[in-house]
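Novice: Structure for the following, please:
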Amino acid sequence: MNTFGTLFTLTTFGESHGAGIGVVIDGCPSGIALDLSAIQAELDRRRPGQSRITTQRKEPDQFVIQSGVFEGLTTGTPISFWVPNQQARSRDYDHLAKAFRPSHADFTYQAKYGTRDYRGGGRASARETLARVIGGAVAKQVLGRLSHVEIQGWVSSIHQIEMKEEPTSFELDTSFQQAVRCPDPIIAEKMYHFIDSIRKAGDSVGGVITCRVRGVPPGIGEPIYNKLSAALGAAMLGINAVKGFELGSGFTGTRMKGSEHNDLFYREGDRIRTHTNHSGGIQGGISNGEDIYFRVAFKPTATIMQPQESVDEQGESVILEGKGRHDPCVVPRAVPIVEAMAAMVLLDQWMIHRGRRL
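Specialist: The predicted structure follows:
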């Protein structure tokens, strides 16, 4: 499937080393004054080549709107974006035309379709995620018309380097914080140097992104088969290299008793609140008005600059070694992707919710 969402939908097309990446957003309400600079700013957060610890592919990721916006306002018709690829180096992948890279989608795409675009992974490349960032940037602006919703993601761990406390500020004041997307300056510097050492060794590492959403009112979410928690989980697990999703207490909750884990209610003015938030802001698949928070686990980048055993299409043994430009750790550039997917899920579910009660 190349379309995401129910009412607010995102359809994407294009490959890593094709002409570019296309984005079609359908279901966006009319009359929204899109801030194009804000959309570009979101793309710039994901853009490659920002530091020595990311892929050195230099892509400006500048978009063109082809339809759906007239005189600065959305028309309610499909909004089409086009982002051309400008620095593809397909020759870096010639040695993969008949061979399968370990832990990549090469083999599975071949098994599914009987053919594949081996240049940069083709459709399976993380370059497709720029389309999701565009969709999320638009969704954030529509959410801003509904309520004051704040979606904030950050890198909470890289390999075994971990933030122990939730950040109180998200100002990224140092170059290390900017490069790693971690708000703790001391931890960010440790993460940066560790990723750089891994890059020099020709290896890769993974990590965890934590995301917190504030300002979602109670009642958003669709039981039984389209719970807000399930929709968020599906959205995050659909991001390249994601291997795990935890909402609220997550797996830690399995080590607690019910008397410890239950979020007790109380009244605060005209609101019903909970003293704790082990539920992560969602109960019964529906938002309860507390902060929604979750964690997303990313595996180490599959392409490494070390020789590895594999096989070709005939099952013959081959030795492969990564070439070209690759992220030694995908996690820092994935923060805006996580935020974008959360924004699209929330807007889609919010629009469905508005049709439930007259």
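Novice: Quick check, residue 137 in contact with residue 38.
Specialist: Yes. Contact between residue 137 and residue 38 holds when scored by CB atoms under 8 Å: they sit 6.3 Å apart. (C-beta placed from N, C-alpha, C; glycine too.)
Novice: Which one's more surrounded, the two?
Specialist: residue 137 (26 against 13; other CB atoms under 10 Å).
Novice: roughly how far out does the helix of greatest length in the chain sit from the chain middle?
Specialist: With residue count as the measure and DSSP state H as the assignment, the chain has helix 331-353 as its longest helix. Once both centres are worked out by CA atoms, centre = their mean, to the nearest Å, helix 331-353 turns out to sit 8 Å from its chain's centre.
Novice: which secondary structure elements does that helix contact?
Specialist: Based on contacts counted as 3 or more CB pairs under 8 Å, 6 or more residues apart in numbering; DSSP states H and E, the elements that helix 331-353 packs against are helix 36-46, helix 129-146, strand 150-158, strand 207-214, helix 228-237, strand 292-298.
Novice: just the angle between the fifth one and strand 292-298, please?
Specialist: Using axes from the mean of the first three to the mean of the last three CA atoms, to 10 degrees, the inter-axis angle of helix 228-237 relative to strand 292-298 is 30 degrees.
Novice: Residues contacting helix 228-237, please?
Specialist: 4, 220-222, 242, 245, 247, 280, 282, 285-287, 292, 294, 296, 338, 341-342, 344-346, 348-349 (CB atoms under 8 Å, 6 or more residues apart in numbering).
Novice: same question, the shortest one
Specialist: Here strand 292-298 makes contact (CB under 8 Å, 6+ apart) with 156, 206-213, 216, 228, 232, 236, 239, 241-248, 250, 277, 280-282, 330-331, 334, 338.
Novice: Just give the strands next to it in its sheet, each with its orientation.
Specialist: Next to strand 292-298 in the sheet, as set by DSSP bridges, lie strand 207-214 (antiparallel), strand 242-247 (antiparallel).
Novice: Return the most buried member of those strands.
Specialist: For these, the stretch with the most neighbours on average is strand 207-214, a mean of 21; neighbours defined as mean count of other CB atoms under 10 Å.
Novice: Quick check: pLDDT value at the residue lying closest to residue 179 once chain neighbours are set aside.
Specialist: Closest residue to residue 179 apart from its sequence neighbours, by CB to CB, 6 or more residues apart in numbering: residue 51 at 4.1 Å. pLDDT for residue 51: 81.
Novice: Over to residue 207?
Specialist: Confidence at residue 207, expressed as pLDDT, is 98.
Novice: Is it in contact with residue 163, as I believe?
Specialist: No. With contact defined as CB under 8 Å, residue 207 does not count as touching residue 163 (10.7 Å).
Novice: Quickly list what's touching both of these two.
Specialist: Contact criterion CB under 8 Å, 6+ apart; residues shared by residue 207 and residue 163: 156-157.
Novice: can you state the direction angle for whichever helix or strand residue 23 is part of and helix 129-146?
Specialist: Mapping residue 23 onto the secondary structure by DSSP states H and E places it in strand 20-26. Taking the same axes, to 10 degrees, one finds strand 20-26 and helix 129-146 inclined to each other by 30 degrees.
Novice: can you state the direction angle for strand 20-26 and helix 331-353?
Specialist: Using the same axes, to 10 degrees, strand 20-26 lies at 20 degrees relative to helix 331-353.
Novice: So which elements touch strand 20-26?
Specialist: Packing contacts for strand 20-26, counted by 3+ CB pairs under 8 Å, 6+ apart, involve strand 9-14, strand 79-84, helix 129-146.
Novice: pLDDT averaged over it, what's the number?
Specialist: This predicted structure assigns strand 20-26 an average pLDDT of 97.
Novice: Any stretches of the stretch 51-200 of the chain with poor pLDDT?
Specialist: Within the stretch 51-200 of the chain, the stretches with pLDDT under 70 are 88, 90.
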